[in-house]
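> for reference, the sequence and a predicted model appear below.
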Amino acid sequence: MLLTGSSAEAFRRAFDEHLVDGLVSKSSGIRALEQAVAAVRAGRRATVGWESSPPRRSRRRTSLDLLTGREREVLALLTAGAETAEMAASLGVSVNTVRTHVRSVLHKLGVHHRTKAIHAALQLADLGVLRAGVGDDRDDQYAS
(Lines give C-alpha, C1' and ligand atoms only; values in the text may rest on other atoms or scores of the structure.)
Protein backbone atom coordinates (compact mmCIF):
# COMPACT_ATOMS: atom_id res chain seq x y z
CA MET A 1 0.00 0.00 0.00
CA LEU A 2 1.39 3.39 -0.97
CA LEU A 3 -0.03 6.48 0.75
CA THR A 4 1.27 9.67 -0.81
CA GLY A 5 0.57 13.37 -1.07
CA SER A 6 2.35 13.55 -4.40
CA SER A 7 0.80 12.95 -7.78
CA ALA A 8 4.08 11.94 -9.39
CA GLU A 9 3.77 9.57 -12.32
CA ALA A 10 6.32 7.22 -10.72
CA PHE A 11 3.78 6.30 -8.02
CA ARG A 12 1.11 5.49 -10.61
CA ARG A 13 3.64 3.44 -12.58
CA ALA A 14 4.50 1.47 -9.42
CA PHE A 15 0.82 0.55 -9.11
CA ASP A 16 0.39 -0.20 -12.84
CA GLU A 17 3.47 -2.45 -12.82
CA HIS A 18 2.14 -4.37 -9.76
CA LEU A 19 4.92 -3.20 -7.46
CA VAL A 20 2.24 -2.10 -4.98
CA ASP A 21 -1.36 -3.31 -4.61
CA GLY A 22 -2.80 -0.12 -3.18
CA LEU A 23 -2.34 3.53 -4.10
CA VAL A 24 -4.06 6.16 -1.96
CA SER A 25 -3.83 9.94 -2.06
CA LYS A 26 -3.43 11.56 1.37
CA SER A 27 -6.24 13.95 0.45
CA SER A 28 -8.73 11.07 0.27
CA GLY A 29 -9.62 10.86 3.95
CA ILE A 30 -9.44 8.18 6.61
CA ARG A 31 -12.56 6.24 5.49
CA ALA A 32 -11.20 5.91 1.96
CA LEU A 33 -7.86 4.75 3.35
CA GLU A 34 -9.58 2.15 5.55
CA GLN A 35 -11.56 0.85 2.56
CA ALA A 36 -8.44 0.63 0.42
CA VAL A 37 -6.55 -1.25 3.14
CA ALA A 38 -9.47 -3.66 3.52
CA ALA A 39 -9.55 -4.25 -0.24
CA VAL A 40 -5.81 -5.00 -0.38
CA ARG A 41 -6.04 -7.31 2.63
CA ALA A 42 -8.83 -9.16 0.81
CA GLY A 43 -6.51 -9.70 -2.17
CA ARG A 44 -7.85 -6.95 -4.41
CA ARG A 45 -5.99 -3.95 -5.81
CA ALA A 46 -7.19 -0.46 -4.92
CA THR A 47 -6.62 3.12 -5.99
CA VAL A 48 -8.22 6.07 -4.23
CA GLY A 49 -7.81 9.68 -5.30
CA TRP A 50 -6.02 8.79 -8.53
CA GLU A 51 -7.29 8.86 -12.10
CA SER A 52 -7.65 5.41 -13.59
CA SER A 53 -5.12 4.41 -16.19
CA PRO A 54 -6.00 2.64 -19.43
CA PRO A 55 -5.85 -1.16 -19.24
CA ARG A 56 -2.53 -2.68 -20.20
CA ARG A 57 -2.72 -4.95 -23.21
CA SER A 58 0.64 -6.59 -23.06
CA ARG A 59 1.26 -9.83 -21.24
CA ARG A 60 4.31 -10.53 -19.17
CA ARG A 61 7.31 -11.55 -21.23
CA THR A 62 8.65 -15.06 -20.81
CA SER A 63 11.88 -16.74 -21.82
CA LEU A 64 9.85 -18.23 -24.68
CA ASP A 65 9.66 -14.75 -26.22
CA LEU A 66 13.41 -14.96 -26.85
CA LEU A 67 13.08 -17.99 -29.12
CA THR A 68 13.02 -17.66 -32.90
CA GLY A 69 10.33 -19.43 -34.90
CA ARG A 70 12.76 -22.23 -35.78
CA GLU A 71 13.78 -22.63 -32.13
CA ARG A 72 10.10 -22.92 -31.23
CA GLU A 73 9.73 -25.65 -33.85
CA VAL A 74 12.71 -27.48 -32.34
CA LEU A 75 11.22 -27.10 -28.85
CA ALA A 76 7.88 -28.46 -30.09
CA LEU A 77 9.67 -31.45 -31.62
CA LEU A 78 11.62 -32.00 -28.39
CA THR A 79 8.35 -31.92 -26.49
CA ALA A 80 6.92 -34.51 -28.89
CA GLY A 81 9.88 -36.80 -28.08
CA ALA A 82 11.71 -36.53 -31.40
CA GLU A 83 15.37 -37.58 -31.56
CA THR A 84 18.00 -35.33 -33.16
CA ALA A 85 18.01 -37.25 -36.47
CA GLU A 86 14.20 -37.17 -36.63
CA MET A 87 14.19 -33.42 -36.04
CA ALA A 88 16.79 -32.93 -38.78
CA ALA A 89 14.70 -34.90 -41.28
CA SER A 90 11.49 -33.12 -40.27
CA LEU A 91 13.05 -29.67 -40.54
CA GLY A 92 15.13 -30.42 -43.64
CA VAL A 93 18.42 -29.46 -41.97
CA SER A 94 21.55 -31.26 -40.83
CA VAL A 95 21.95 -32.99 -37.48
CA ASN A 96 24.58 -30.39 -36.55
CA THR A 97 22.10 -27.58 -37.27
CA VAL A 98 19.55 -29.25 -34.99
CA ARG A 99 22.17 -29.55 -32.25
CA THR A 100 22.93 -25.84 -32.63
CA HIS A 101 19.23 -24.98 -32.33
CA VAL A 102 18.85 -27.25 -29.29
CA ARG A 103 21.84 -25.58 -27.58
CA SER A 104 20.32 -22.17 -28.32
CA VAL A 105 16.93 -23.24 -26.90
CA LEU A 106 18.58 -24.59 -23.75
CA HIS A 107 20.57 -21.40 -23.29
CA LYS A 108 17.58 -19.08 -23.82
CA LEU A 109 15.40 -21.09 -21.45
CA GLY A 110 18.20 -21.14 -18.86
CA VAL A 111 18.35 -24.92 -18.60
CA HIS A 112 21.11 -27.50 -19.15
CA HIS A 113 19.20 -30.58 -20.30
CA ARG A 114 16.61 -31.36 -22.94
CA THR A 115 14.25 -32.75 -20.29
CA LYS A 116 14.32 -29.41 -18.46
CA ALA A 117 13.50 -27.61 -21.72
CA ILE A 118 10.58 -29.99 -22.27
CA HIS A 119 9.40 -29.35 -18.70
CA ALA A 120 9.57 -25.56 -19.28
CA ALA A 121 7.63 -25.91 -22.55
CA LEU A 122 4.92 -27.97 -20.88
CA GLN A 123 4.60 -25.44 -18.06
CA LEU A 124 4.26 -22.62 -20.60
CA ALA A 125 1.62 -24.68 -22.44
CA ASP A 126 -0.30 -25.09 -19.17
CA LEU A 127 -0.20 -21.29 -18.72
CA GLY A 128 -1.53 -20.77 -22.24
CA VAL A 129 1.69 -19.11 -23.40
CA LEU A 130 2.60 -21.98 -25.72
CA ARG A 131 0.30 -24.41 -27.43
CA ALA A 132 1.76 -27.86 -26.78
CA GLY A 133 3.56 -29.20 -29.82
CA VAL A 134 2.95 -26.12 -31.95
CA GLY A 135 5.33 -23.33 -32.93
CA ASP A 136 4.01 -19.80 -33.24
CA ASP A 137 2.65 -18.18 -36.37
CA ARG A 138 4.72 -15.01 -36.44
CA ASP A 139 6.96 -14.25 -39.40
CA ASP A 140 10.53 -15.24 -38.80
CA GLN A 141 13.75 -15.30 -40.77
CA TYR A 142 13.63 -19.11 -40.67
CA ALA A 143 10.02 -19.50 -41.77
CA SER A 144 9.49 -21.60 -44.90
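Looks like it came in fine.
> from residue 37, how far off is residue 81?
Distance from residue 81 to residue 37, counting by C-beta to C-beta, to the nearest Å: 52 Å. Heads up, the C-betas are built off the backbone N, CA and C, glycines and all.
> looking at these two, which has the bigger crowd around it?
The neighbour comparison of residue 81 against residue 37 (other C-beta atoms under 10 Å) goes to residue 37, with 15 against 8.
> in what helix or strand does the more buried one lie?
Using DSSP states H and E, residue 37 sits in helix 30-41.
> try residue 89
Going by DSSP H and E, residue 89 is part of helix 84-91.
> where do the helices sit along the chain?
Taking DSSP state H, the helices of the chain run over residues 9-16, 30-41, 69-79, 84-91, 95-109, 114-126.
> would a markdown table of those helices with distance to residue 23 and mean pLDDT be doable?
What follows is the helices of the chain, written out as a markdown table (distance: least, C-beta to C-beta, whole Å; pLDDT from 0 to 100):
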| stretch | distance to residue 23 | mean pLDDT |
| --- | --- | --- |
| helix 9-16 | 4 | 79 |
| helix 30-41 | 8 | 90 |
| helix 69-79 | 38 | 90 |
| helix 84-91 | 50 | 95 |
| helix 95-109 | 35 | 93 |
| helix 114-126 | 31 | 80 |
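> need these in JSON lines with distance to residue 49, can you?
Putting the helices of the chain into JSON lines (distance: least, C-beta to C-beta, whole Å) gives the following:
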{"stretch": "helix 9-16", "distance to residue 49": "11"}
{"stretch": "helix 30-41", "distance to residue 49": "7"}
{"stretch": "helix 69-79", "distance to residue 49": "45"}
{"stretch": "helix 84-91", "distance to residue 49": "57"}
{"stretch": "helix 95-109", "distance to residue 49": "43"}
{"stretch": "helix 114-126", "distance to residue 49": "39"}
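> any idea which of the ones you listed gets closest to residue 3?
helix 30-41 (6.8 Å; C-beta to C-beta).
> mind listing what's buried in the closest one?
33, 36, 39-40 (16 or more other C-beta atoms under 10 Å).
> having no further points to raise, I will conclude here.
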